[in-house]
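> sequence first, then the predicted structure:
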There are 2 protein chains.
Amino acid sequence: MRAKIFVKLKASVLDPQGKTIHQAVQTLGYRGIEDIRQGKYFEIALSDSLTRDEAWAMLDRLAREVLSNPVIEEYRVELEETS
Amino acid sequence: MRAKIFVKLKASVLDPQGKTIHQAVQTLGYRGIEDIRQGKYFEIALSDSLTRDEAWAMLDRLAREVLSNPVIEEYRVELEETS
């Protein structure tokens, strides 16, 4: 089973890294870009011995407690369909 | 219009950061995780004056020339459906 966890800054939190990329990209001549915000994501390979419910619970805890800072970041968990 | 660009290391390239997270997570007692790889993504707000074709072309160039290192990374562009 494979999963993805996406972590990004909350909309209310300034993203200086994204802002810098946005400015650089405008300097390079790209037109029509109004905003860029950067996030990170994790591709996770899970043991097939986990049930989907166990995987969900574990991934949610992992995202909340380890991979994100809930004060300034929000996360989203995606669990791939199993065949 | 909104778009996302995902950038990750090619599968053939070692990901020491992901490896470190994987080890830390095992030490913390998470079970059933076989591998973690870290990537980054960009949320991009585009001007509505761009056509979808223009947006695709620009985003592909942006991902290839600015946001990724094609020697070791691969990217994926996602353009949200417009209402």
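That came through, no problem. Quick caveat: nothing in here was measured; it's all calculated off a predicted structure.

> give me the element A:Ala45 is part of.
strand A:33-46 (DSSP states H and E).

> beta partners for the residue lying closest to A:Ala55 once chain neighbours are set aside?
Nearest residue to A:Ala55, sequence neighbours excluded (CB to CB, 6 or more residues apart in numbering or on different chains): A:Leu46, at 5.5 Å. From N, CA and C alone the C-beta is placed, and that goes for glycine too. Beta-bridge pairing of A:Leu46 under DSSP bridges involves B:Ile33.

> thinking again about what came up before, what is the strand holding A:Ala45 packed up against?
Counting contacts by 3 or more CB pairs under 8 Å, 6 or more residues apart in numbering or on different chains; DSSP states H and E, strand A:33-46 is packed against strand A:2-9, helix A:16-27, strand B:2-9, strand B:33-46.

> now the next helix or strand after that strand - C-alpha only, CSV.
The element immediately downstream of strand A:33-46 (helix or strand, assigned by DSSP H and E) is helix A:52-62. Only the C-alpha atoms of helix A:52-62 are listed here, as CSV (Å, rounded to 0.1, in the frame of the first residue of the first chain):
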residue,chain,number,x,y,z
ARG,A,52,-6.7,0.4,5.5
ASP,A,53,-8.1,1.6,8.8
GLU,A,54,-4.9,0.9,10.7
ALA,A,55,-3.0,2.7,7.9
TRP,A,56,-5.3,5.8,8.0
ALA,A,57,-5.0,6.0,11.8
MET,A,58,-1.2,5.7,11.7
LEU,A,59,-0.7,8.1,8.9
ASP,A,60,-2.9,10.7,10.5
ARG,A,61,-0.9,10.5,13.7
LEU,A,62,2.4,10.5,11.8
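
> any buried residues in helix A:52-62, and which?
Using 16 or more other CB atoms under 10 Å in any protein chain shown as the test for burial, helix A:52-62 gives A:Ala55, A:Met58, A:Leu59, A:Leu62.

> ok, the residue lying farthest from the centre of chain A - contacts?
Most distant from the centre of chain A: A:Gly29, at 27.8 Å, with distances by CA atoms, centre = their mean. For A:Gly29, the contact set (CB atoms under 8 Å, 6 or more residues apart in numbering or on different chains) is empty.
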